[in-house]
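Enquirer: need a 3D model of the following:
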Amino acid sequence: MPKVKNISTGPRGAYLKGVYAEADPGEIIEADDFAPEWFEPVIDPLDHDGNGKKGGARKAKPAE
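Expert: I've put the predicted structure just below:
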């Protein structure tokens with residue numbers, strides 16, 4: 001599930017599979033429906049291929 005961080009100055013809510021979840025400022029929660037002005041996606045720097053797991057590799061672009 002995607003993780004998001006509350007970047008606002010107060011508690012804010014988001015949804016995960018239709019269930020409401022609230023986050024305090026700076027708190028990270030899992031959510032799939034959130035307001036981008038209140039939350040930002042948390043990306044793991046070790047998730048190289050964007051599948052949500054550490055490791056992996058991006059496919060090489062074909063040579064032109």
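
Enquirer: distance-wise, check residue 33 relative to residue 54.
Expert: For residue 33, the distance to residue 54 equals 25 Å [C-beta to C-beta, to the nearest Å]. Every C-beta, even on glycine, is put in place using the N, C-alpha and C of the backbone.

Enquirer: in whichever strand or helix holds residue 29, what's buried?
Expert: Taking DSSP states H and E as the definition, residue 29 sits inside strand 28-30. Using 16 or more other C-beta atoms under 10 Å as the test for burial, strand 28-30 gives residue 29.

Enquirer: show me the strands in the chain, by range?
Expert: Listed in chain order, the strands of the chain (DSSP state E) span 3-6, 12-16, 19-23, 28-30, 39-41.

Enquirer: among the ones you listed, which is the most enclosed?
Expert: Between the strands of the chain, the one whose residues have the most neighbours on average, counting mean count of other C-beta atoms under 10 Å, is strand 3-6 (a mean of 19).

Enquirer: other SSEs contacting that one?
Expert: Helices and strands touching strand 3-6, by 3 or more C-beta pairs under 8 Å, 6 or more residues apart in numbering; DSSP states H and E, are strand 19-23, strand 28-30, strand 39-41.
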